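# sequence and predicted model, in that order:
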Amino acid sequence: MKTVSVIIVAAGSGTRMNSSTPKQFLRLGRHTVLFHSIHRFLLLPSILEIIIIGPLDYLNSKFLQDSIPRSTSVPIRIIAGGSQRQESVINGLNAVSSDASIICIHDGVRPLVRPDLIQKSIDLCEKYDGAIIAARSINTLKEVSAGTVVRTLDRSSIWQAQTPQTFRKTVIKKAYEHAFNNKLNATDDSDFVEAIGGSVAIVENTSWNLKITSPDDLIIAQALLEKEMS
């Protein structure tokens, strides 16, 4: 039975990377970055629906329409995002089907996430409140204040959070309600779940599940996509 609703956040325009086109609509191979981000979820049989949180100025644009895969039996809906990421996620949470029991939240500019890792995050929700894809830190990390090093962190216990971040629907809705009532802010959905004492597991990935934020990222993503298809 299909039980997973997917919220893909593509509302932010962010850095335009020397282009007038928002980065989620830039071309990666024959399709847009957002198209690839959506397509990865369509490869899984457990997906009930996909909700795209789009930027208000682009809701009826050809950019967004060209980013929606056509040949799929999975319903794909587009709704407007908010002024901040967490507002956009709330819009998505309010729109998910009542039939869903699990919710995946994914960045629209992470086009190379592996479907098997998405499925692992879904499966872990049977045991935990949620699961996030993350990569081990490969660099030595320094805590800095006023331009000087305060201390060196133990990188063996440091992970870099990625998306998707997957949760039981009841848990993520409760977490966002708690965040709203307590005026909490975060750029990471797991942070809100942690704030209510939720248990969140890790699905180990590599830094290849990159977030497109610079021109170099797009070049690397193109090379990885070509390698994957070869």
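All right, it came through fine.

# gap between the residue located most distally from the centre of the chain and residue 166?
For the chain, the largest distance from the centre (C-alpha atoms, centre = their mean) belongs to residue 148, which lies 32.9 Å off. In this view, residue 148 and residue 166 are 39 Å apart by C-beta to C-beta, to the nearest Å. From N, CA and C alone the C-beta is placed, and that goes for glycine too.

# one more: residue 133?
Applying C-beta to C-beta, the value for residue 133 to residue 166 is 8 Å.

# could you do residue 152 as well?
Here the criterion is C-beta to C-beta. By it, residue 152 lies 32 Å from residue 166.

# now find how far off-centre stretch 110-119 is within its chain.
10 Å (C-alpha atoms, centre = their mean, to the nearest Å).

# now the longest helix anywhere in the chain: buried residues?
Ranked by residue count and defined by DSSP state H, the top helix of the chain is helix 215-229. The neighbour-count check on helix 215-229 (16 or more other C-beta atoms under 10 Å) flags 217, 218, 220, 221, 224, 225 as buried.

# where along this protein do the strands fall?
With DSSP state E as the criterion, the chain has strands at 4-9, 27-28, 31-32, 47-54, 76-80, 102-107, 130-136, 141-145, 148-153, 159-168, 200-205.

# now do the first one against strand 47-54, angle only.
It stands for strand 4-9. 10 degrees (axes from the mean of the first three to the mean of the last three C-alpha atoms, to 10 degrees).

# does anything pack onto strand 4-9? Which helices or strands?
Under the contact criterion of 3 or more C-beta pairs under 8 Å, 6 or more residues apart in numbering; DSSP states H and E, strand 4-9 touches helix 33-42, strand 47-54, helix 85-95, strand 102-107.

# what sits up against that strand?
By C-beta atoms under 8 Å, 6 or more residues apart in numbering, the surrounding residues in contact with strand 4-9 are 34, 37-38, 41, 44, 46-53, 81, 85, 88-89, 92-93, 96-97, 100-108, 122, 164, 166, 169.

# now do the second one
The set of residues external to strand 27-28 that reach it, using C-beta under 8 Å, 6+ apart, is 33, 35, 36, 111, 212, 218, 221, 222, 225.
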